[in-house]
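In: need the 3D shape of this:
(3 chains)
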Amino acid sequence: MARRYWLMKSEPDVFGIHDLERRPGGTEPWDGVRNYQARNFMRDDMQPGDGVLFYHSNSDPPGVAGLAEVVRAGYPDPTAFDPAHIHYDAKSDPASPRWFMVDVRHLHTFARLIPLEELRRTPGLEDMAVVRKGQRLSVQPVTAAEWEIVRALGER
DNA sequence: GCCAACGTTGGC
DNA sequence: GCCAACGTTGGC
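Out: I've put the predicted structure just below:
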């Protein structure tokens, strides 16, 4: 299976790319996703080695902050089982987990954040989900061509 | 802080 | 199974 590419959103006030960078091994479980489409990508499609555009949402400006990679394929999100946890979901239990996550490892923090506004006006990125109005999905597939364009922008 | 977009819930 | 109400996301 060829390497695939993704964009994952995180609020930098909560967990930004610098937080990922500082984790042991630069690795963090991507817990707390409670959306079925995003869940399905993590549970069914994401594989170790896949590339991740680390996107800062709800920030000023929003944009792509750097690169990461998937290092562990989908497995049950344990925060859903913990009543004390903010992401607790009584409808998910270990015998039949509802929510899944992957582990993500930091690869590279761009020297500059690539603002959403720049993505919008960059040729070749017109079809990215993140530039489309009303698209809120926090885990999105990205094409190899889009990955390469964004990666190159990050080197500028 | 506003609010459009959109996913989820629940009454029927 | 429809759809109105509601809650959340996330850019602005």
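In: what ranges does chain A have for its strands?
Out: Assigned by DSSP state E, chain A shows strands spanning A:5-10, A:27-29, A:51-56, A:63-76, A:100-115, A:139-142.
In: please identify the deepest-packed of the ones you listed.
Out: strand A:51-56 (a mean of 25; mean count of other C-beta atoms under 10 Å). The way it works is simple: take the backbone N, C-alpha and C, and place the C-beta from them, glycine included.
In: now find how far off-centre the longest helix along chain A is within its chain.
Out: Across chain A, the longest stretch assigned as helix under DSSP state H is helix A:144-154. Taking the mean of its C-alpha atoms, helix A:144-154 sits 15 Å from the chain's own mean (C-alpha atoms, centre = their mean, to the nearest Å).
In: hang on, the earlier thing: turn the strands of chain A into CSV, including distance to residue A:37 and mean pLDDT.
Out: Shown next, in CSV, are the strands of chain A (distance: least, C-beta to C-beta, whole Å; pLDDT from 0 to 100):
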stretch, distance to residue A:37, mean pLDDT
strand A:5-10, 12, 96
strand A:27-29, 19, 96
strand A:51-56, 16, 97
strand A:63-76, 14, 96
strand A:100-115, 12, 96
strand A:139-142, 8, 95
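In: could you dump these to CSV with distance to DNA strand C?
Out: What follows is the strands of chain A, written out as CSV (distance: least, C-beta to the nearest atom of the strand, whole Å):
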stretch, distance to DNA strand C
strand A:5-10, 5
strand A:27-29, 17
strand A:51-56, 7
strand A:63-76, 8
strand A:100-115, 8
strand A:139-142, 9
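In: may I see these arranged in TSV, with distance to residue A:121 as well?
Out: Listed next are the strands of chain A as TSV, based on distance: least, C-beta to C-beta, whole Å:
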stretch	distance to residue A:121
strand A:5-10	17
strand A:27-29	31
strand A:51-56	17
strand A:63-76	13
strand A:100-115	10
strand A:139-142	18
